[in-house]
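Peer 1: Okay, predicted coordinates and the sequence, questions at the end:
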Amino acid sequence: MDHKKVTPYGGEHSKKQQVENMFDNIAPKYDLLNRVLSAGVDVKWRRRMVRATVSSQPSKILDIATGTGDVAIMLAQKSPASLVEGLDLSAKMLEIARRKASRRNLSHISFVQGDSENLPYPSNTFDAITVAFGVRNFEDTRQGLAECKRVLKAGGSLHVLEFSQPQLTPFKQLYRFYFRHVLPVIGKLTSKDPKAYHYLFESVQSFPAGKEFASLLEGIGYYQVSRKPLTLGICTLYSGKKR
């Protein structure tokens, strides 16, 4: 199945540049909107991914598209023996992440501005990589996932949380109505950048979710690939390992 490239603003700028600008714009309200728009369920989804990640007792963990650092902070709290690094395109999101980590006195966590499709690390660096709601923002999905595989150690694991589309009627129709009509209105009322929330709906619609995304991971060379739908399929947790 072909998926069109969806960008926040259209125009000539690259998706990467537009995504960076979008998250810089919405950074001050990002955490609040996440909680409101998902009724707090996003926290449970992140905790689920964190539990799966730390179960293998990784020494070094990379959280890609870390945003304001929620997953990186959860990882550092849940696995105090691990070194955790969060990476994101948006400098303003990272400023918030650093403040949040500092308030919690987490010395074994660091944040760096960087590109998920050109990771600034040597091959075979990390025991585990997490990406929460970031893969659909990659300019080149395959390249970003291949980069994750490159910097993972042999036997290391990748865990991806991403929105998916529920199949159960009438929940499927209610979900689409909420994403298409309600969410952009809330975003417009609370954010300086309402286009960001139209982009959220469009990017979820175009994302290769479910079996298709699992097959993509396998095609890149991950093994023991699994997918676990969460909350009636609104979100899916994907996992895979590097040989």
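Peer 2: That came through fine.
Peer 1: what ranges do the helices span in this protein?
Peer 2: Counting by DSSP state H, the chain has these helices, from start to end: 15-38, 41-54, 70-78, 91-103, 141-151, 171-177, 183-190, 195-206, 211-220.
Peer 1: chain center to the shortest one, what's the gap?
Peer 2: Using CA atoms, centre = their mean, to the nearest Å, the mean C-alpha position of helix 171-177 is found 22 Å from that of the whole chain.
Peer 1: next one: the second one
Peer 2: How far helix 41-54 lies from its chain's middle: 12 Å, per CA atoms, centre = their mean.
Peer 1: Now tell me what touches it from outside.
Peer 2: 34-35, 61, 70-71, 74-75, 78-79, 82, 128, 130, 132-133, 157, 159, 161, 230-231, 234-235, 237, 239 (CB atoms under 8 Å, 6 or more residues apart in numbering). Just so you know, the C-beta spots here come from the backbone N, C-alpha and C atoms, and that holds for glycine as well.
Peer 1: swap the cut-off to 7 Å and go again
Peer 2: 34, 61, 70-71, 74-75, 78-79, 128, 130, 132, 159, 161, 230-231, 235, 237, 239 (CB atoms under 7 Å, 6 or more residues apart in numbering).
Peer 1: Next: the shortest one.
Peer 2: Outside helix 171-177, the residues within contact range by CB under 7 Å, 6+ apart are 165, 166, 232, 234.
Peer 1: What is the neighbour count of the residue nearest to the third one when sequence neighbours are not counted?
Peer 2: In other words, residue 232. Spatially, and ignoring its direct neighbours in sequence, residue 232 is nearest to residue 166 (5.0 Å; CB to CB, 6 or more residues apart in numbering). For residue 166, the neighbour count with other CB atoms under 10 Å is 17.
Peer 1: Quick check: residue 166 touching residue 231?
Peer 2: No: Residue 166 lies out of contact with residue 231 (CB atoms under 7 Å); the separation is 8.4 Å.
Peer 1: pLDDT weak spots in the protein?
Peer 2: 1-4, 37, 190 (pLDDT under 70).
Peer 1: who wins for neighbours among the contacts of helix 171-177?
Peer 2: residue 234 (20 neighbours).
Peer 1: show me what contacts the nearest residue to that one once chain neighbours are set aside?
Peer 2: Counting by CB to CB, 6+ apart, residue 166 is the residue found nearest to residue 234 once chain neighbours are left out, at 5.9 Å. Contact analysis of residue 166 by CB under 7 Å, 6+ apart lists 172, 175, 232, 233, 234.
Peer 1: Switch those over to a markdown table; also include distance to residue 147.
Peer 2: Output for these, formatted as a markdown table (distance: CB to CB, whole Å):
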| residue | distance to residue 147 |
| --- | --- |
| 172 | 33 |
| 175 | 31 |
| 232 | 32 |
| 233 | 28 |
| 234 | 27 |
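Peer 1: which one of those residues sits closest to residue 88?
Peer 2: residue 234 (23.4 Å; CB to CB).
Peer 1: Tally up the residues packed near residue 154, please.
Peer 2: 8.
Peer 1: The closest residue to it other than its chain neighbours: how many residues sit nearby?
Peer 2: Spatial nearest neighbour of residue 154, chain neighbours left out: residue 242 (6.0 Å); criterion: CB to CB, 6+ apart. Residue crowding around residue 242 was assessed by other CB under 10 Å; the count is 21.
Peer 1: roughly how far apart are residue 242 and residue 20?
Peer 2: Between residue 242 and residue 20 the computed distance is 28 Å (CB to CB, to the nearest Å).
Peer 1: same check, this time on residue 12
Peer 2: Applying CB to CB, the value for residue 12 to residue 20 is 15 Å.
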